[in-house]
Each structure stands twice: as C-alpha cells, then as structure tokens.
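Participant: sequence? don't have it. structure:
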C-alpha cells in the first residue's frame, strides 16, 4: 500500500479537520482529482490525489482531526494481488501510525561492501527505489521500531505537571488527549481520602490547580479560532495601530436601505478619496491597490471568518448582498472556501449588529486599515442652530501608523461620514 499523508497546506497550522470525502474505499481515481475537503485556518481546502490508482484505505472519518504528516489515504500498490505482501497493511493495524509501520517494508538484505559487480534491482518499496543485491549479510539485522509517540508535546507537558503516566492511558493506539490526562489526575486525587479543608488547599495550589484553571484546547480551539489567534499575534507584533472615531448622521436613509450595503459603498467611496488606506504594507513598502476588495468580518459558532467582497465598485448592490448572504450561510453551516478568504485590501467589521458603539478594530497585515461600525443610536445634533434628534452610526477606523498618517486617516473618516450622510 502506498500511503499519502496530510500535506502542509500553507496555513501555519499543524492539523486539519476532514469535512467531506470525495472517494470511497475501492474507488479508482486519477492523479490530481479531488480526494477530500478539509478545513484549516478558517478555509475549506480540496486536497488532490498525488497519483492515480485504487483507494485501498481511508484513514480518517468526517469531522476527525488529522495532523500534518499523518496518514490520510492508502493506495493499492501497483501489481498487488489478493495475497498479502510486504507493501500491504494488515487488517489488525488499529491506528494510522500502526498502518504506516505495517506498510513499511522489512529491512532489505544487501551484499557486503566488497562484493564486486553487484546486480541491483528496484525493490518496489513505498518510499522510493531501494537498491538490493543478490547476496545477503552474514547476520540479518532485526527491525527496530522507533519509540511510539503517546501524545502531543503540550499533552506530554501537562501529564508531567499533573503526575500522570501516559503509558497507562494509551491502550487503543490513539494519541492521549489533554482531557484524558486531566480525568486521570482527578481520579488519582479523588482516590485518596481527605478532609474538605485538605482537598481545597491541595486544589488551590500545586499541579492540580490546572484542573480548575485550564481547558481542553480541542473543546474551543477550532481551526477558525486558532487561525484568529495566529493573526492577532502577528498584528500585535507588526502593527503600530491608531484609531479614530466619529458619528455619521444617517437620517437621510435610515430605515429605507440596508445599513451594511451603505457601509460597503461608503468604504468604497472613501478608498477612492484616500487610496492610501486601500493598500498593502510589506517589506517597508506601501502599495495602494487598484480595486477595492472588502474583507467582511462574519461571526459564526466556529469563530470569526473574513470572506472578501472583491472589486465592489464594479458590482451591483444586488450582487453584493447576495454574496453576503451566501457568506453568512457558509460560515454557519459548511465553512468558506479558501479562495473567498484571500485578497482583502481593507476590512469592515459591522459589530454594532450585536452590541457596542465604539471599538479599536485590529489591523491585519498586510492591509493597513479596518473600519468598525457600531450600534445605531439616537443622538442630539445641531440643525440650523437648533438641537434635533437623529439616528447616528458610530464609526471606529483603525490604521497602521507605520504606513498611514493621521491626516490620511482623518480624511478617510471624513469621506465616510460624507457618504453615509448623503
């Protein structure tokens, strides 16, 4: 069996979640056809077949997390028969790791270094061509298996802190999880009789304090949330952020037009007036972009997605709102395709649909600006020297001060206020 492992998909994350298989065991598939759709770093990515052949084994189920480098698909070896061979995985292999070990060939028997005129042949191994001779060594070397990995580094560290032996938890061949380690520590703690005062003192100090203060990463850190964390760390380390706020009088259209559409058009108008904020800042170079591609922050149970409305100036209002509806549905139900998450030149967060008036939206490099829209509220404005109640839309615009001046940010905000008040 030829093993295809999960490749590095270029998102900076160590794993991916299998969402949908496009093949079944026993199917024939051509090279570069779609094998499976996985979710990583907020995006849905189709993984193509590296070569053609018959699918012999699928190593993961839908919604299962697979680490980069772990087995994903097993292809039937060329010329294989119904009889077992060295390149086949035995039925008793119970885990992806065991399957890989079983699929590896036994050590080849090669002739001594002094053997002259050796005739070499391709051994047909899974990992490539291994030359072998006709003679053998006097003593055959036994196959030695590398130490089995029982858990990820973070879980191993947790087990050491809580005094849990991983060997006793690894019984099914799968990696031990942090939840199993904490459960074992809790059981170990509960097995010893203590007074309530002693139990409270032990829980509030020492290693067992982690049972109450830490959480299982897999319970909340979906790929979308982990990707968000990576992006926030990059923004913290790279961006010199400034934020400017003001209120837009939207009485001319409030209640008769979609607020999100008005915001999109206002961002478009401001980008034309002050193109410095519709730009990329990379390698100390500011590059204004020709088209306005608005990355729209979309909240979902899985985390924050930022799909992109591309070239908004060339699109109709109906087309934009239809795509926004599609993005919201995909974020809730299926996830958003990777191609729809790339190419934003400026970001928009309409957080006011939930709560809040002002914020400090975080600029995500290489973009240099993000617009935040707060909750519409009634406020007093002066009209012809007289006070009047009007609906006001709070705006908070953040920019990267390495690339954007305060004057450019203020002019951008002024252009937005003008567009929203018209």
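Facilitator: Done, it's in. These numbers come from a predicted model, not from an experiment.
Participant: For residue 155, list the residues it contacts.
Facilitator: Neighbouring residues of residue 155 by C-beta atoms under 8 Å, 6 or more residues apart in numbering: 166, 175-178, 181. The C-beta positions use only the backbone N, C-alpha and C, and glycine is treated the same way.
Participant: Are we agreed that it is in a helix?
Facilitator: Yes. Under DSSP: H, G, I helix; E, B strand; the rest coil, residue 155 falls within a helix.
Participant: Pull the contacting residues for residue 394.
Facilitator: With C-beta under 8 Å, 6+ apart, residue 394 has these contacts: 245-247, 352, 357-358, 373-377.
Participant: Looking at the contacts of residue 155, spot the one nearest residue 304.
Facilitator: residue 178 (23.9 Å; C-beta to C-beta).
Participant: Secondary structure element for residue 393, which one?
Facilitator: strand 386-400 (DSSP states H and E).
Participant: Return the distance of that strand from the chain's centre.
Facilitator: Here the centre of strand 386-400 is set off from its chain's centre by 35 Å, with C-alpha atoms, centre = their mean, to the nearest Å.
Participant: where in this structure is pLDDT low?
Facilitator: Applying pLDDT under 70 to the chain flags residues 10-13, 41-42, 78-149, 153-154, 170-173, 188-224.
Participant: the helices in it, which residues?
Facilitator: 96-103, 153-162, 166-169, 178-190, 196-203, 210-213, 217-220, 223-238, 259-273, 317-333, 406-421 (DSSP state H).
Participant: Name the stretch among those that sits most buried.
Facilitator: Neighbour counts (mean count of other C-beta atoms under 10 Å) averaged over each of the helices of the chain peak at helix 259-273, with a mean of 20.
Participant: quick one: it to helix 317-333, angle?
Facilitator: 120 degrees (axes from the mean of the first three to the mean of the last three C-alpha atoms, to 10 degrees).
Participant: Give me the neighbour count for the residue nearest to residue 396 when sequence neighbours are not counted.
Facilitator: Spatial nearest neighbour of residue 396, excluding adjacent residues (C-beta to C-beta, 6 or more residues apart in numbering): residue 372 at 4.0 Å. Using other C-beta atoms under 10 Å, residue 372 has 25 other residues around it.
Participant: Dig out what residue 372 forms beta bridges with.
Facilitator: Judged by DSSP bridges, the bridge partners of residue 372 are residue 349, residue 396.
Participant: give me every residue that touches it.
Facilitator: By C-beta under 8 Å, 6+ apart, the neighbours of residue 372 are 348-349, 351, 358-359, 361, 395-398.
Participant: The same query, at a cut-off of 7 Å, please.
Facilitator: 349, 351, 359, 361, 396 (C-beta atoms under 7 Å, 6 or more residues apart in numbering).
Participant: Check the gap between it and residue 47 for me.
Facilitator: According to C-beta to C-beta, to the nearest Å, residue 372 stands 36 Å off from residue 47.
Participant: got it, and residue 291?
Facilitator: 30 Å.
Participant: and these two? which has more neighbours close in?
Facilitator: Each of residue 291 and residue 47 has its neighbours counted (other C-beta under 10 Å); residue 47 has more, 19 against 13.
Participant: For the more buried one, give me its contacts.
Facilitator: 35-36, 38.
Participant: one step back: what about the residue nearest to residue 396, distance to residue 350?
Facilitator: For residue 372 relative to residue 350 (C-beta to C-beta), the value is 8 Å.
Participant: same question, residue 364
Facilitator: From residue 364 to residue 350 the distance is 16 Å (C-beta to C-beta).
Participant: I'd say residue 374 and residue 352 touch.
Facilitator: Yes. Using C-beta atoms under 7 Å, residue 374 is in contact with residue 352, at 4.1 Å.
Participant: picking that back up, got a quick PyMOL command for the buried subset of the contacts of residue 394?
Facilitator: The PyMOL selection below is limited to those of the contacts of residue 394 classed as buried (16 or more other C-beta atoms under 10 Å):
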select buried, resi 245+246+247+352+357+358+373+374+375+376
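Participant: Residue 274: which of the contacts of residue 394 is nearest?
Facilitator: Closest to residue 274, out of all of the contacts of residue 394 and judged by C-beta to C-beta, is residue 246, at 14.8 Å.
Participant: ok, that closest one touching residue 417?
Facilitator: Yes. Assessed by C-beta under 7 Å, residue 246 is found in contact with residue 417 at 6.1 Å.
Participant: Can you name the residues that contact residue 235?
Facilitator: Contacts of residue 235 (C-beta under 7 Å, 6+ apart): 362-365.
Participant: Scan the residues you listed and report the most crowded one.
Facilitator: residue 363 (28 neighbours).
Participant: residue contacts, it?
Facilitator: Contacts of residue 363 (C-beta under 7 Å, 6+ apart): 235, 239, 241, 369-370, 398-400.
Participant: Adding distance to residue 61, write those out as a markdown table.
Facilitator: A markdown table is the format used below for the contacts of residue 363 (distance: C-beta to C-beta, whole Å):
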| residue | distance to residue 61 |
| --- | --- |
| 235 | 35 |
| 239 | 40 |
| 241 | 43 |
| 369 | 43 |
| 370 | 38 |
| 398 | 42 |
| 399 | 45 |
| 400 | 43 |
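Participant: Identify, from those, the entry nearest to residue 186.
Facilitator: Out of the contacts of residue 363, the member with the shortest distance to residue 186 (by C-beta to C-beta) is residue 235, at 37.5 Å.
Participant: What number of residues are in the vicinity of residue 243?
Facilitator: 17.
Participant: change the start of the numbering to 25 and stick with it
Facilitator: Got it, the first residue is 25 from now on, which makes the last one we talked about residue 267.
Participant: didn't it look like it was pressed against residue 419?
Facilitator: No. At 10.3 Å, residue 267 does not count as touching residue 419 under the criterion of C-beta under 7 Å.
Participant: any shared contact partners between these two?
Facilitator: The contact sets of residue 267 and residue 419 do not overlap (C-beta under 7 Å, 6+ apart).
Participant: returning to that earlier point: what angle sits between the strand holding residue 417 and helix 283-297?
Facilitator: Using the same axes, to 10 degrees: strand 410-424 against helix 283-297 is 60 degrees.
Participant: Could you check the angle strand 410-424 makes with helix 430-445?
Facilitator: Going by the same axes, to 10 degrees, strand 410-424 makes 130 degrees with helix 430-445.
Participant: buried sites along strand 410-424?
Facilitator: So for strand 410-424, counting by 16+ other C-beta under 10 Å, buried means 414-424.
Participant: list the contacts for the closest residue in space to residue 304 that isn't next to it in sequence?
Facilitator: If the residues on either side of it in the chain are set aside, residue 304 comes closest to residue 390, at 4.2 Å by C-beta to C-beta, 6+ apart. Going by C-beta under 7 Å, 6+ apart, residue 390 touches 304-306.
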